[in-house]
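Visitor: need coordinates for the following:
(one chain, ligands or ions: 1)
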Amino acid sequence: MELLVDWKSLGSLFATFVFIRTAIRDFLPPEVYQALKSLFSKIFSSLQPKISIVIEEYDNSYPNELYDSVQLYLSSNCFAAAKVLKLSRLKNSKNLNFTMDANQKIEEIFEGFKVKWSFHSVEKKSNGHGYARPYENRYFELSFHERDKPKVQSSYIPHVMEVAEHIRFKNRDRKLYTNRSADEDGRLWSSVPFSHPSTFDTVAIDPVLKQEIKDDLIKFVNRKDYYSRVGRAWKRGYLLYGPPGTGKTSLIAAIANFLEFDIYDLELTAVTSNSQLRKLLISTSSKSVIVVEDVDCSLDLSDRKKKEISGEEENEKKPFRFRNRGSSFGSTVSLSGVLNFVDGLWSCCGSERLMIFTTNHKEKLDQALLRPGRMDKHINLSYCEITAFKTLAKNYLEIDKHELMKEVEQILPLVQMTPADIAEIFMSCEDDVEMGMNNVIEEMKRRLQSSMEDEVSSVAELGKEEIKGEEEHPVPEVHEDSDVSLNSLDSVGTDA
Ligand SMILES: Nc1ncnc2c1ncn2[C@@H]1O[C@H](COP(=O)(O)OP(=O)(O)OP(=O)(O)O)[C@@H](O)[C@H]1O
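Guide: So this is what the prediction gives:
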């Protein structure tokens, strides 16, 4: 009976509540209604069990990395959510930073639960020793319902870190690092902002090869799980080889721009020992391209040649020393040191790294360095072909077609002109298209003429030597043979 009475009074209470709510909603102006609603929800939520996490800018006087991460994270979504914002830009940086003003609050719903961020700045009293830093105690406060504590810990905070890391990578000003020479103490690398203009659009190489390289790079950066599943370090090695001026350096810059990676330009001749090489490698960051240019010039092959002559078995562990051009110290970097650098245990101390070696003489390199796993992709950059020529014409002269293009197509395969040669001619003509095309054809013809003359004179030289040899050791067939030589000489001259 008592229970029945309770139900009745409860029912009438509910009916009264609904009546009052409807009356308030219908008769009160919407602004007043919203204000009352938010007041009630504040009172209601203040009664709920709440947890707060404080993330201070400094932790025992050391900068707190997490504070920076939260700041980055909130900068990406506070523009939409906060009412008062601060806007700043670091000197020479391309990025604008939005930050919350003090005592501002942002609410966020993440995976079905609600979190609140607020930013606070409290002025610190002087400690009496004239020690001024930090004069403000700045911190973020994250609050949420007690029941969501496990979810905040296991998924929300990692999410904040991940987003911040992504923003940090996207917004950073990329760097070109060069290793300091062996006789300099202190830091291992010095850096300058990296802003090379070369891209896959401007680099003049065969379009099929270009696409192949881009596909390979995309595959590489998307295969983190694959590399970890098969137990391999997440890295890839490229060897770029070809004559000087064919675009090896330009391609490296285009790759770094495409991936948005930093570049470490490693000068092996300035490295004094294997252990220094290890230190250099360990101190490189992930998402970087490590470049060793003209590796054949750094590598002293005299040891290997001697061994080949003496028939000694090739042994990776025996040191092939690097010529040390930049330092007065003797270099003790060995081939095994370099191989360790490329694929050894040390290369696993980081991730997502591309190693690029370049050479003008692939044949001079040791097979141990060239094998897959070390140099996974060998890219041959050679003399200019018509597709590369058209890219250069488009870049430098801003033309897709030209009446002289047919003539270029005919002569170009017969001469050895590098993209650098052609780029140089176009550059010297500035915007004059006719002059650019005429000058390039003229240069091609000049080179064709001189290579024909070279060929003729070398064959003639050969013929003379043969005749001389035959005169010194006359045999009955001498005259027939020499005729053949001279005839073939003529025909070579004419054909070419
Ligand atoms: N394939 C190319 N596409 C566009 N520009 C090129 C290309 N090759 C060369 N160039 C131009 O020629 C100049 C020299 O090229 P680059 O330094 O890339 O050649 P390289 O092959 O690295 O030469 P080296 O072997 O002497 O270092 C560049 O500044 C660039 O302007």
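Visitor: which pLDDT value goes with the residue of the chain found nearest the ligand?
Guide: Per CB to the nearest ligand atom, residue 247 is where the chain lies closest to the ligand, at 2.5 Å. From N, CA and C alone the C-beta is placed, and that goes for glycine too. Listed pLDDT for residue 247 reads 95.
Visitor: residue 192 should be in a strand, yeah?
Guide: Yes: under DSSP: H, G, I helix; E, B strand; the rest coil, residue 192 sits within a strand.
Visitor: and it, how far is that from residue 405?
Guide: Noted for residue 192: a distance of 40 Å to residue 405, by CB to CB, to the nearest Å.
Visitor: residue 102 reaches residue 119, doesn't it?
Guide: Yes: here residue 102 reaches residue 119: they are 6.0 Å apart, a contact under CB atoms under 8 Å.
Visitor: between those two, which has more neighbouring residues?
Guide: residue 119 (22 against 13; other CB atoms under 10 Å).
Visitor: could you measure that one against residue 57, distance?
Guide: Applying CB to CB to residue 119 and residue 57 gives a distance of 11 Å.
Visitor: what sits in contact with each of those two?
Guide: Common contact partners of residue 119 and residue 57 (CB atoms under 8 Å, 6 or more residues apart in numbering): 138, 139.
Visitor: for this structure, list the residues in contact with the ligand, please.
Guide: 203-205, 244-250, 360, 419-420, 423 (CB under 6 Å from any ligand atom).
Visitor: okay, and which of those map to helices?
Guide: Using DSSP state H to define helices, the subset of the residues of the chain next to the ligand located there is 248, 249, 250, 419, 420, 423.
Visitor: does residue 448 count as helix, strand or coil?
Guide: Secondary structure, three-state DSSP: residue 448 is helix.
Visitor: ok, it touching residue 416?
Guide: No: using CB under 8 Å as the test, residue 448 is too far from residue 416 to be in contact (9.9 Å).
Visitor: those two: who's more crowded?
Guide: In this view residue 448 and residue 416 are compared by other CB under 10 Å, and residue 448 has more residues nearby, 16 against 13.
Visitor: number of nearby residues for residue 198?
Guide: When neighbours are defined as other CB under 10 Å, residue 198 has 18 of them.
Visitor: check residue 252 too.
Guide: As a burial measure, residue 252 scores 23 neighbours (other CB under 10 Å).
Visitor: how close does it sit to residue 452?
Guide: Counting by CB to CB, the gap from residue 252 to residue 452 is 36 Å.
Visitor: cool, and residue 385?
Guide: 21 Å.
Visitor: same check, this time on residue 458
Guide: Relative to residue 452, and taking CB to CB, residue 458 is found at 11 Å.
Visitor: give me the pLDDT for the closest residue in space to residue 122 that isn't next to it in sequence.
Guide: The shortest distance from residue 122 to any residue other than its chain neighbours is 4.6 Å, reached at residue 137 (CB to CB, 6 or more residues apart in numbering). pLDDT, residue 137: 83.
Visitor: try residue 437
Guide: 95.
Visitor: surely it is within a helix?
Guide: Yes: per three-state DSSP, residue 437 lies within a helix segment.
Visitor: any idea how many residues pack against it?
Guide: Per other CB under 10 Å, the neighbour tally for residue 437 reads 22.
Visitor: contacting residues for it?
Guide: Going by CB under 8 Å, 6+ apart, residue 437 touches 393, 397, 402, 404, 405, 408.
Visitor: cool, residue 432 as well?
Guide: Neighbours of residue 432 in contact, by CB under 8 Å, 6+ apart: none.
Visitor: what ranges does the stretch 251-400 of the chain have for its helices?
Guide: Along the stretch 251-400 of the chain, counting by DSSP state H, counting those that start in this stretch, helices occupy 274-282, 295-298, 302-310, 335-343, 367-370, 386-392.
Visitor: dump those helices to TSV, plus mean pLDDT and mean neighbour count.
Guide: Formatted as TSV, the helices of the stretch 251-400 of the chain follow (pLDDT from 0 to 100; neighbours: other CB atoms under 10 Å):
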stretch	mean pLDDT	mean neighbour count
helix 274-282	82	18
helix 295-298	77	20
helix 302-310	43	12
helix 335-343	74	21
helix 367-370	83	15
helix 386-392	95	19
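Visitor: let's have those in a markdown table, adding distance to residue 220.
Guide: Output for the helices of the stretch 251-400 of the chain, formatted as a markdown table (distance: least, CB to CB, whole Å):
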| stretch | distance to residue 220 |
| --- | --- |
| helix 274-282 | 19 |
| helix 295-298 | 21 |
| helix 302-310 | 31 |
| helix 335-343 | 15 |
| helix 367-370 | 19 |
| helix 386-392 | 24 |
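Visitor: all strands of the stretch 51-200 of the chain, in order?
Guide: 58-59, 62-63, 85-88, 97-100, 105-110, 113-123, 136-145, 175-179, 189-193 (DSSP state E, counting those that start in this stretch).
Visitor: lowest average pLDDT across those?
Guide: strand 62-63 (a mean of 69).
Visitor: so what's residue 440 scoring on pLDDT?
Guide: The model reports residue 440 with a pLDDT of 95.
Visitor: what's the answer for residue 6, then?
Guide: 69.
Visitor: from the chain's centre, how far out does the host helix or strand of residue 444 sit?
Guide: Per DSSP states H and E, residue 444 falls inside helix 433-472. Relative to the centre of its chain, helix 433-472 is centred 44 Å away, using CA atoms, centre = their mean, to the nearest Å.
Visitor: pull out the buried positions in that helix.
Guide: 433, 436-437, 439-441, 443-444, 447-448, 452, 456, 459-460, 463, 466-467, 470 (16 or more other CB atoms under 10 Å).
Visitor: what's the answer for stretch 245-264, then?
Guide: Neighbour count says stretch 245-264 has 245-259, 261-264 buried, by 16+ other CB under 10 Å.
Visitor: got the contact list for residue 248?
Guide: 240, 241, 242, 293, 358, 381.
Visitor: switch the cut-off to 6 Å
Guide: Residue 248 makes contact with 240, 358, 381, according to CB atoms under 6 Å, 6 or more residues apart in numbering.
Visitor: and if you look at residue 203?
Guide: 247, 250, 251, 254.
Visitor: which residue, other than its chain neighbours, is closest to the second one?
Guide: What that stands for is residue 250. residue 198 (4.5 Å).
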